[in-house]
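1. 3D, please:
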Amino acid sequence: MKTIHFSPRAVFWTFNRKKMLRIIAGILLFQLFFFGVLYYRLRDPVQWLQQYLPSTERQPGYLFSIYGPVDNAMKKPMAVTVSGRHVYIADTGNCRVMAYDYNGNFLYSFGAQGTKPGEFLFPYGLAADSEGRILVADMYSGHISVFSPQGSFLHYFATPADITSPAGIAVNEGRVYVSDVGRHQVIVFDETGQKIFEFGAKGSEPGQFLSPNAVAVSGVYIAVSDTGNHRLQIFNKLGTLVAVIPEIEPGYAFVNPRGLAYNSRGEVYAVNNLTHQVACLLPQGTVQFLFGQMGHEEGQFFLPNGIYIDDAGRIYITDTSNQRVSVFQQ
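-> From the prediction side, this is the model:
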């Protein structure tokens, strides 16, 4: 009698041949599809990546830095504003304001350490009103001082009862907006110093603040850097909350946000202090791009704080720990 030997592998192949062929065909079709899509996507890899990465099309270009006189340098500049083609810088560590021409050449300074009219303890916020007068928010004394464009003290703005620790200050369409880190509020005045209304309160809920450091105003929106809560908040001109922005992008949070400024397109630039960067966001909070990195070379930052954008699209950033103001062009 003839002995028949059975091979398990042969039996498996005999009964599963059709199934195996279908599996192999499926793998080949999947690979064809996968590599076809990959080829299609990568025909223009830059265009493909742009849908996942912040835009770099309009990243600002570095122009120059302002350091001040060699024998009288700035110390921890916190804020900057431009009026009449003069650049005014809050030289906070030296308790004064320094004025430069449009090319960064030093012109004059005003203020000194003290509590008398025209003196400062910690000049932190700067703005220019419709008449070119310079408003200086002194966070420690609680005063907002008003100076002529040449630096002569004129008067205090508002009353001490309305302000505790003014930080950021912005002027728009005849109104003055002050972020008060002591009251955890934004206070709105007319240009004579009469309070119109205020909004916000201490807390972490939407619409509340914890030490708001800066405020910026466009034709439609009020942006507030809610520094202690590590987020931005956007309000309408009546102080009604529009949006809370806790992140620059998913997984990349605001960390100690400071200065804010709107450009002519309604985009808001936010200084992210502890990441040494600046973010440009659409009015709804979508990030357009980031620029800057930690360092001491020209165009880099080390703990930046304030920001201002002039009508010509120049961006001025107080690079606080590098003791300078860096100027970029949109």
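2. from now on I want contacts and neighbour counts done on CA atoms only, so please keep to that.
-> Noted.
3. map the structural domains onto the sequence of this structure.
-> The chain breaks down by automatic domain parsing into domains covering 8-50, 61-329.
4. please identify the most buried of the ones you listed.
-> For those, the largest average neighbour count (mean count of other CA atoms under 10 Å) is found in domain 61-329, namely a mean of 20.
5. ends of it, what's the gap?
-> Distance between the two ends of domain 61-329: 5 Å, counting by CA to CA, to the nearest Å.
6. repeat that for stretch 246-265.
-> Termini of stretch 246-265 sit 22 Å apart (CA to CA).
7. quick one: average confidence on that stretch?
-> Averaged across stretch 246-265, pLDDT comes to 90.
8. distance from that stretch to the middle of the chain?
-> For stretch 246-265, the distance from its own C-alpha centre to the chain's C-alpha centre is 5 Å (CA atoms, centre = their mean, to the nearest Å).
9. show me the shaky parts of the stretch 51-200 of the chain.
-> Within the stretch 51-200 of the chain, the stretches with pLDDT under 70 are 51-57.
10. go again with 50.
-> 51-56 (pLDDT under 50).
11. and the helices in it?
-> Here the stretch 51-200 of the chain has no helices by DSSP state H, counting those that start in this stretch.
12. residue contacts, the closest residue in space to Gly285 that isn't next to it in sequence?
-> Excluding its sequence neighbours, the residue lying closest to Gly285 (CA to CA, 6 or more residues apart in numbering) is Ile245, at 6.4 Å. Counting by CA atoms under 8 Å, 6 or more residues apart in numbering, Ile245 makes contact with Arg231, Leu232, Gln233, Ile234, Gly285.
13. can you lay out those as JSON lines showing distance to Arg85, pLDDT and secondary structure?
-> Formatted as JSON lines, these follow (distance: CA to CA, whole Å; pLDDT from 0 to 100; DSSP: H, G, I helix; E, B strand; the rest coil):
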{"residue": "Arg231", "distance to Arg85": "32", "pLDDT": "96", "secondary structure": "strand"}
{"residue": "Leu232", "distance to Arg85": "30", "pLDDT": "96", "secondary structure": "strand"}
{"residue": "Gln233", "distance to Arg85": "31", "pLDDT": "96", "secondary structure": "strand"}
{"residue": "Ile234", "distance to Arg85": "29", "pLDDT": "96", "secondary structure": "strand"}
{"residue": "Gly285", "distance to Arg85": "31", "pLDDT": "78", "secondary structure": "coil"}
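14. out of those, who's nearest Arg175?
-> Ile234 (17.4 Å; CA to CA).
15. for that closest one, give me its contacts.
-> So Ile234 contacts Tyr221, Ile222, Ala223, Val224, Leu241, Val242, Ala243, Val244, Ile245 (CA under 8 Å, 6+ apart).
16. turn these into TSV, including secondary structure and distance to Ala128.
-> Shown next, in TSV, are these (DSSP: H, G, I helix; E, B strand; the rest coil; distance: CA to CA, whole Å):
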residue	secondary structure	distance to Ala128
Tyr221	strand	19
Ile222	strand	17
Ala223	strand	18
Val224	strand	19
Leu241	strand	26
Val242	strand	27
Ala243	strand	27
Val244	strand	28
Ile245	strand	28
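17. output these in JSON lines, with distance to Pro160 appended to each entry.
-> Shown next, in JSON lines, are the contacts of Ile234 (distance: CA to CA, whole Å):
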{"residue": "Tyr221", "distance to Pro160": "27"}
{"residue": "Ile222", "distance to Pro160": "24"}
{"residue": "Ala223", "distance to Pro160": "24"}
{"residue": "Val224", "distance to Pro160": "22"}
{"residue": "Leu241", "distance to Pro160": "27"}
{"residue": "Val242", "distance to Pro160": "30"}
{"residue": "Ala243", "distance to Pro160": "31"}
{"residue": "Val244", "distance to Pro160": "30"}
{"residue": "Ile245", "distance to Pro160": "32"}
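18. Lys75: which of those is nearest?
-> Of those, the one sitting nearest to Lys75 (CA to CA) turns out to be Val224, at 25.8 Å.
19. what sits against that closest one?
-> Ser179, Pro212, Asn213, Ala214, Val215, Ala216, Leu232, Gln233, Ile234, Leu260.
20. hmm, 6 Å instead?
-> Counting by CA atoms under 6 Å, 6 or more residues apart in numbering, Val224 makes contact with Ala214, Val215, Leu232, Gln233.
21. which one of the residues you listed is nearest to Gly251?
-> When the contacts of Val224 are compared against Gly251 (criterion: CA to CA), the nearest one is Leu232, at 15.6 Å.
22. correct me, but the closest one touches Ser225?
-> Yes - proximity of Leu232 to Ser225 meets the contact threshold set by CA atoms under 6 Å, at 4.8 Å.
23. in space, what's closest to Tyr177 - neighbours in sequence excluded?
-> Spatial nearest neighbour of Tyr177, excluding adjacent residues (CA to CA, 6+ apart): Val188 at 4.7 Å.
24. and that neighbour, how far is that from Lys237?
-> Using CA to CA, Val188 is found at 10 Å from Lys237.
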